[in-house]
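Novice: What shape does this take:
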Amino acid sequence: MNKYIAGHNFPDDLKAMDYDELELLSYEIRDFLVEEVSKTGGHLSSNLGAVELSIALHRSFDTPKDKLIWDVGHQTYVHKILTGRVNEFHTIRQLGGMSGFPKSEESPYDTFDTGHSSTSISLALGLAAARDLTGDDYHIVSVIGDGAMTGGLAFEALNNIENLDTNIIIVLNDNGMSISKNTGGMSKHLSNLRGSRKYLNAKKSIKENVAKVPVIGEGMVSGIQHARDSLKYAVIDDGIIFEEMGVKYFGPVGGHNIEELCSSFEMAKQCQSPVLVHIITEKGKGYGKAEEKPNVFHGIGPFDMDSGKPLKKPCGPTYSEVFGRELMRLAAKDKRIVAVSAAMMEGTGLDGFHKKFPDRSYDVGIAEGHAVTFAAGLAKAGLKPFVAVYSTFLQRAYDQILEDVCLQKLPVVLCIDRAGIVGADGETHHGIFDISYLRHMPNMTILAPRNAAELVKMMELAHSSDGPCAIRYPRGEAPAADSTEPGAGVCPDGCGESCGGAKREEIAIGKAQRLTDGKDVCICALGAMTEKALAAADILKKKGVDTGVIDMRFAKPIDEDILIDAAKGASLIVTAEDNVISGGMGEEINGMIAEAGSGVKTLNIGWPDSFIEHGSCGQLYSRYGMDASGIAERILEKLEKKA
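Specialist: I've put the predicted structure just below:
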C-alpha cells in the first residue's frame, strides 16, 4: 500500500493541498496504478491518462453532492482511489471485490452504474431536469471521451440540450483514441480544435484588455461578444460544432495541468448554461510501455512492470485471431468480402485484415447501430459484409438487425466476439443475452463453434449463405480440433494454425453432430459449453451414468431430428449454453420435446435470470454450477429426484 496516498482523507484533503502537492500526488497515484494493475490486470492506459483530471474534478466540485457521471467508466480507478477505496483497490475486478466500473451500491460517489459508451450526456441531462424540477442546487458533470463522442446517443443528447436550457458541465477527455485510434468526422473536428488555443487566448486577451478601458470598456466587451463568431471562424476553419448546438465551449485545456484544469472548472461553474470543457490528455501517460502502445494496455491481464509483457500467454490462437486470419483467407478468394468494425479493429482481430485490405475495411466508430445498417447497405449493393462486434455491444443494434438486415433477408454476417461470460469486466460486459435477442428474429441463422476448426467451417458456411447469419464465439483461446474428430488432419488449403489443423468438412445449416453416445443421459451442448459437457459426461460415466453428448452447432435452426432421436432412448435431455436460460436454446428444445409427445425429462443449464457479477470465468462457471463438475452434479440431482 502506498502510505502517501493512504495517509490522506480524500477527497476533502485535495481542497487544502497546493498545486505542487497535487502534482506530487499525481506521480504517486500513477506509480500505485501501474503496480496494482500489473497484479490484477485491468484498464490501465485510460486511467493513467485521467489522473490529473480526476484530482481536479474532486478538488473543484463538492462530491458526492455534485454529481460526476463517467462515460463507460473504465477510467474511474483514480476516482475510486480518491473516494475512500484505496485500501480495497487490490480487490478490483476480483470475485467479491471492487468493480472496475462505477457501481452506485459500492459508493455514493458513483452516481450511476456505467459500462457502455456514449450515455453520460443523456444521463446528465436527466439528472439536471430532475434537479431543476425539484429546486435542488448542485452541479452535474458528464465526463466523456472523444471516442464515446462518436456514438449516436451522445449526439442525440447534444441535440436535446438547447431545448432543456439547463446547467450541466460536459468534460470532453480527448486523447485521440477509444481502444484503437479514432476515425471519422468528429475525430477530425476535435483534431482541429486541439490546435486552436490561439482562438481561446485571443478571445480572453481582447476581453481583458478592452474591459480596462474607462467608462466604455464594459459596453465594448458586450459588443465584442456579438463578434465572437467572426473571430472563431477566422481562426478555426471548421467552426465549433458544440457552440452551434447551444453549448459554451472552453478549451482546449491541458489535461495534465491540474491548475489549468481547476481554473477551467471554476469558470464553467459560473455559467448558467450548458458548458463543454475540452481537455487534451495522453492515454497511458507516465508509464512508457503504455505510452508506446496505449491500445495494448487499454485492457490487459497481469503483466511484468519492467518489460510490460503479459505474465500468462495463450498457448494457441484466440477465437478473435482465428476469425481474423480466416476472413483474410476468404477475402483473398472473394473480392466482395468487406469487414466492418465499431471502433474494435484490434479487439476483434481485424487489424491484420485492415492492413491487407485497407479499402475493404470500415471502422465506423463507437456506433454499432450504424455499423449494422451500413453493412445492410453494403449487402444490398452485392457485397458480403462481416460485422465484427462484442456481444455486449451488439445489444445496441437490436432494431437495426431486425429491421435493416433480417426483414430484408440480407447476407450480413454478424461475428459476435466475447459471447458468453467475459470475466473481470462483469455485468456490463458479459455477452450472455445474444442468443435470446437474436433467436426470435425471422430469417436469422445462429451458429456457435466449439473450437477453432468449427469457427473456420462456420465462416465458410456463412460466406455462402444468402441470408443473415450470426456466429458467436467466446473470449480467449480457441481449442484446436480433437485428433479423434472426423476430418482431423492437415488443412488442404494450407491455412494451418487458423483452422486448428482440421480438414474442411461440410456443415449443413441446422445440423448437429453427435460426439458420444449414452443410453441414460444426452447433453445437447452449444459452442464453448461442449467441452464442459464432454468432461461432465466422463465424470458421470465413472459414476455409472451412461451419458452422450451432442454438439448442437446451431442455436437456430435447431436439429429436431437428432434431438427427437436422442429423446427416444435417454431418460434425461440436458441443454447447456453460455447464455441466459430465458429465451435461449434450452427453452426452444423443451418446446420441441413436449410437442413431439416425448415423456423424457429435461434440464436446462445456462445463466440465471440475473446480472452476473465480475470474477474470473472459471470462478463464475463454478459458482453457478456450469463447469464440468457442476453440470455432472446437477444431472445427478435431477436423476435422483426423478427416481
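Novice: residues in contact with residue 605?
Specialist: Residues near residue 605 by CB atoms under 8 Å, 6 or more residues apart in numbering: 529, 574, 575, 576, 577, 581, 586, 625, 626, 631, 634. Bear in mind the C-beta positions are built from the backbone N, C-alpha and C, glycine included.
Novice: so what's the first one up against?
Specialist: With CB under 8 Å, 6+ apart as the criterion, the residues that contact residue 529 are 576, 577, 578, 605, 626.
Novice: all helices for the stretch 451-600 of the chain, in order.
Specialist: 452-464, 529-542, 560-569, 585-595 (DSSP state H, counting those that start in this stretch).
Novice: how about the closest residue to residue 427 other than its chain neighbours, phi and psi?
Specialist: Distances taken as CB to CB, 6 or more residues apart in numbering place residue 611 nearest to residue 427, at 4.1 Å, with adjacent residues excluded. Here is the backbone geometry of residue 611 (degrees, to the nearest 10): phi -90, psi 130.
Novice: Residue 611: how many residues sit nearby?
Specialist: Neighbour count of residue 611, defined by other CB atoms under 10 Å: 13.
Novice: where does it sit relative to residue 115, distance-wise?
Specialist: Computed as CB to CB, to the nearest Å, the residue 611 to residue 115 distance reads 11 Å.
Novice: which residues are common contacts for the two?
Specialist: residue 427.
Novice: Low-confidence ranges, this structure, go.
Specialist: 1, 177-239, 314, 482-505, 642-643 (pLDDT under 70).
Novice: Name the single longest strand found in it.
Specialist: Counting by DSSP state E, the longest strand found in the chain is strand 572-580.
Novice: Partner strands of it and their direction?
Specialist: strand 521-525 (parallel), strand 601-607 (parallel) (DSSP bridges).
Novice: picking up where we left off before, which of the contacts of residue 605 are buried?
Specialist: Buried members of these, counted by 16 or more other CB atoms under 10 Å: 529, 574, 575, 576, 577, 581, 586, 626, 631, 634.
Novice: and which of the residues you listed is nearest residue 142?
Specialist: residue 581 (36.5 Å; CB to CB).
Novice: can you tell me which residues contact the nearest residue to the closest one once chain neighbours are set aside?
Specialist: The shortest distance from residue 581 to any non-neighbouring residue, by CB to CB, 6+ apart, is to residue 606 (4.1 Å). Going by CB under 8 Å, 6+ apart, residue 606 touches 575, 576, 577, 578, 579, 580, 581, 584, 586, 626.
Novice: any chance of these in a markdown table, plus distance to residue 174?
Specialist: Output for these, formatted as a markdown table (distance: CB to CB, whole Å):
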| residue | distance to residue 174 |
| --- | --- |
| 575 | 48 |
| 576 | 45 |
| 577 | 41 |
| 578 | 37 |
| 579 | 37 |
| 580 | 37 |
| 581 | 43 |
| 584 | 41 |
| 586 | 46 |
| 626 | 42 |
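Novice: can you map out the strands along the stretch 101-250 of the chain?
Specialist: 140-145, 169-174, 248-254 (DSSP state E, counting those that start in this stretch).
Novice: quick one, what contacts the nearest residue to residue 356 once chain neighbours are set aside?
Specialist: Spatial nearest neighbour of residue 356, chain neighbours left out: residue 328 (5.7 Å); criterion: CB to CB, 6+ apart. Contact partners of residue 328, counting by CB under 8 Å, 6+ apart, are 352, 353, 356, 357.
Novice: And for residue 375?
Specialist: Residue 375 touches 340, 385, 387, 405, 412, counting by CB under 8 Å, 6+ apart.
Novice: Check residue 84 too.
Specialist: With CB under 8 Å, 6+ apart, residue 84 has these contacts: 10, 107, 109.
Novice: Do me a favour and get the backbone dihedrals for the first one.
Specialist: Backbone torsions of residue 10, given as degrees, to the nearest 10, read phi -90, psi 150.
Novice: Quick check: it touching residue 83?
Specialist: Yes - assessed by CB atoms under 8 Å, residue 10 is found in contact with residue 83 at 6.8 Å.
Novice: on that earlier part again, which one of the contacts of residue 605 sits closest to residue 25?
Specialist: Closest to residue 25, out of all of those and judged by CB to CB, is residue 626, at 43.8 Å.
Novice: For residue 577, see how far away the closest one is.
Specialist: Applying CB to CB to residue 626 and residue 577 gives a distance of 10 Å.
Novice: do the same with residue 468
Specialist: Distance from residue 468 to residue 577, by CB to CB: 20 Å.
Novice: tell me which residues of stretch 260-268 are tucked away?
Specialist: Neighbour-count burial for stretch 260-268 [16+ other CB under 10 Å]: 260, 261, 262, 264, 265, 268.
Novice: so who does the fourth one touch?
Specialist: Which is residue 264. 250, 251, 253, 277, 279.
Novice: same deal with the second one?
Specialist: Contacts of residue 261 were listed using CB under 8 Å, 6+ apart, and they are 52, 53, 56, 60, 253, 254, 255, 279.
Novice: What of the first one?
Specialist: With contacts defined as CB under 8 Å, 6+ apart, residue 260 is in contact with 253, 254.
Novice: Need the three-state assignment for it.
Specialist: Classification of residue 260 using DSSP: H, G, I helix; E, B strand; the rest coil returns helix.
Novice: For burial, what's the neighbour tally of residue 592?
Specialist: Considering only other CB under 10 Å, residue 592 is surrounded by 18 other residues.
Novice: my read: it touches residue 563, true?
Specialist: Yes - proximity of residue 592 to residue 563 meets the contact threshold set by CB under 8 Å, at 6.0 Å.
Novice: hang on, residue 271 packs against residue 248?
Specialist: Yes - contact criterion CB under 8 Å: residue 271 and residue 248 qualify, at 5.9 Å.
Novice: Can you report how many residues lie near residue 478?
Specialist: 27.
Novice: Oh, that last question was meant for residue 108, not what I typed.
Specialist: 12.
Novice: what bridges to residue 389?
Specialist: For residue 389, the beta-bridge partners are residue 416 (DSSP bridges).
Novice: Tell me how far it lies from residue 560.
Specialist: Residue 389 is 30 Å from residue 560, by CB to CB.
Novice: Neighbour count: these two, which is higher?
Specialist: The neighbour count for residue 389 versus residue 560, taken as other CB under 10 Å, is higher for residue 389 (25 against 16).
Novice: My reading is that residue 34 lies in a helix. Confirm?
Specialist: Yes - counting by three-state DSSP, residue 34 is found in a helix.
Novice: With the flanking residues excluded, which residue is spatially nearest to it?
Specialist: Residue 34's closest residue in space is residue 287 (CB to CB, 6+ apart), at 5.1 Å.
Novice: Then residue 631?
Specialist: residue 536 is the one closest to residue 631 (CB to CB, 6+ apart), at 3.9 Å.
Novice: That neighbour: what's it in contact with?
Specialist: 523, 547, 628, 629, 631, 632, 635.
Novice: quick one: the closest residue to the third one other than its chain neighbours and residue 621, what's the gap?
Specialist: For residue 628, ignoring the flanking residues on the chain, the nearest one in space by CB to CB, 6+ apart is residue 535 at 3.5 Å. In this structure, residue 535 lies at 11 Å from residue 621, with CB to CB as the measure.
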